[in-house]
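In: Any chance you can model this:
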Amino acid sequence: MVIFKRLKEVIGMIVMKRKSINQKGIALLTVLIFSAVLVTFVVALLVMTSNDIRLSVIQRDSTKAFYIAESGIEKALWNLNTSILNGGKGFDWRAPDKNDPFHEGFTAEYYDVTVVTVQEETPILPEIIKIDSIGVVNPVGVKNKREREVEVKAKKGILPSSDLSYKYAIATESNMELTGNLNIVGDIHSNGDISKVAGTAYILDGIATAYGVNPIGDSGIYDPLPTIDYDFYRELSKNSIYDGQFYNIAGGTEYFNTDGQVIKGIHFIVGNVEISTNTHLIIEGGAIFATGTITSIGNAQITHTRRTENIYTGIDCTCVEDCTCTDDPDDTCYSFSFDPDSGNYDPLCNNPLALVAKGNIALGGTVDVQGIIQTNGKFTSKGVVTVNPGAIVADDGIFHGGGGEDVMNIVYDESLISTSIPGTGLPYFIRISWREK
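Out: Below you'll find the predicted structure:
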């Protein structure tokens, strides 16, 4: 019996020891599993954090690249709209080669810009350009650079400017020649040279300035001259309330050859204009605009007067900006007024523009204008030309009073000083579309 009792005690001790060993193994296994799960979670968290940081950096660099691309667009427009004299590149600047773009910036951040013409200017259509700007962010030590590309189309138009006015009796963008039989009351100015002064009976009651060569006066600054917004006046010619007319003759010539013909409002000709010999053309309260040339030949006559409708006198006149009304009944309110009956704005009210052309203007015969003659080309006079009061603006001009007793009289209209004329301003490329590529 003693032997069996001892054997039972030994077996019990062995069982209890095995139970203790099994419990310690389970605890160790539990600890190992928990540690593995914790490590996996930490690693996953670190990976997620790293990815978030990387994505955040990518997003930051991408956004930065976008704004750099936008900066390239703005710099290109500034270059186009700023003259070379003022640090820009001018309206004719283009950068068409994608392999040699306009490039500015640093190694890590820069933009590449191309500028191409997509629509040439025509008598009807404006010039349109396309500006493509690629903004690049390429940090040191980063494999892939970030790029964003923006494309803008811009139309060449006219930007109105309250600071721009007709300041001179005669003004030219490039050369000016004064060749005799001239009587000028007012200042004259050339943004180029006064390249020739000759002839007899030359009278200038004013100051002569030039940005370039000037044998008869002082040096002057480059002074931007008002540019005509042809689109503005083309649309006015189509508006029946202004009594004008639109002629689309596809570059041909419109002949005014009826003696005593009277025209009113804006007559806009897509092509050339000729006032024929033995013809007296009367322009009452309007102007002739041509996308080509304007020529008067032989003994043709042109008489121009300004539009007086909607010009009011005295304290009852209705005025808009730049208009001064007084109690003096003889004081005329020379504003571009509202018609008090219809409430419509009248851009032709006392509008001084008379003969305007993109091409050359050559005037023979007898011309009597109360306003402004302006050409994007060359102005020449070979007859009796009187501008009183008014002004002449040209790209370049030969101012000659004709032969014998013929004389050219120009009396500057002092009311033009600091007066902004509707449909004039500075050439400007204006955005018309935007997209990200």
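In: Domain-wise, how is this protein divided?
Out: With domains defined by automatic domain parsing, the chain comprises 1-160+427-437, 170-309+346-419.
In: Deepest-packed of those domains, please.
Out: domain 170-309+346-419 (a mean of 19; mean count of other Cβ atoms under 10 Å). Quick note: C-beta positions are derived from backbone N, CA and C, even for glycine.
In: end to end, how far does that domain reach?
Out: Start and end residues of domain 170-309+346-419 are separated by 17 Å (Cα to Cα, to the nearest Å).
In: and it, average pLDDT?
Out: Domain 170-309+346-419 shows a mean pLDDT of 92.
In: before we move on, what about stretch 86-96?
Out: 93.
In: what's that stretch in contact with?
Out: 76, 78-84, 101-102, 113-117, 129, 156, 427, 429 (Cβ atoms under 8 Å, 6 or more residues apart in numbering).
In: how about 7 Å then?
Out: Residues outside stretch 86-96 that contact it (Cβ atoms under 7 Å, 6 or more residues apart in numbering) are 78-84, 101-102, 113-117, 156, 427.
In: One more: stretch 269-278?
Out: 123-124, 247-257, 259, 281, 288-300, 302.
In: quick one, strands of the stretch 201-350 of the chain?
Out: For the stretch 201-350 of the chain, the strands defined by DSSP state E, counting those that start in this stretch occupy 202-205, 208-210, 218-219, 227-228, 245-256, 261-275, 280-290, 294-296, 301-305, 312-313, 332-333.
In: quick revisit: pick the one among the contacts of stretch 86-96 closest to residue 148.
Out: Among the contacts of stretch 86-96, residue 113 lies closest to residue 148 (Cβ to Cβ), at 13.1 Å.
In: what bridges to the closest one?
Out: Beta-bridge partners recorded for residue 113 (DSSP bridges): residue 102, residue 133.
In: who touches it in this structure?
Out: Residues counted as contacts of residue 113 (Cβ under 7 Å, 6+ apart) are 72, 76, 95, 101-102, 131-133.
In: What of residue 147?
Out: Per Cβ under 7 Å, 6+ apart, neighbours of residue 147: 65, 134-136.
In: same check, this time on residue 231
Out: Counting by Cβ under 7 Å, 6+ apart, residue 231 touches residue 126.
In: Against residue 87, how distant is it?
Out: 29 Å (Cβ to Cβ, to the nearest Å).
In: what's the answer for residue 271, then?
Out: Distance from residue 271 to residue 87, by Cβ to Cβ: 38 Å.
In: what does residue 209 give?
Out: Distance, residue 209 to residue 87, by Cβ to Cβ: 23 Å.
In: And for residue 179?
Out: 36 Å.
In: next one: residue 251
Out: Using Cβ to Cβ, residue 251 is found at 37 Å from residue 87.
In: Residue 257 too?
Out: Taken as Cβ to Cβ, the span from residue 257 to residue 87 is 50 Å.
In: ditto for residue 173
Out: The spacing between residue 173 and residue 87, counted by Cβ to Cβ, is 19 Å.
In: Equivalent analysis for residue 56, please.
Out: In terms of Cβ to Cβ, residue 56 sits 39 Å off from residue 87.
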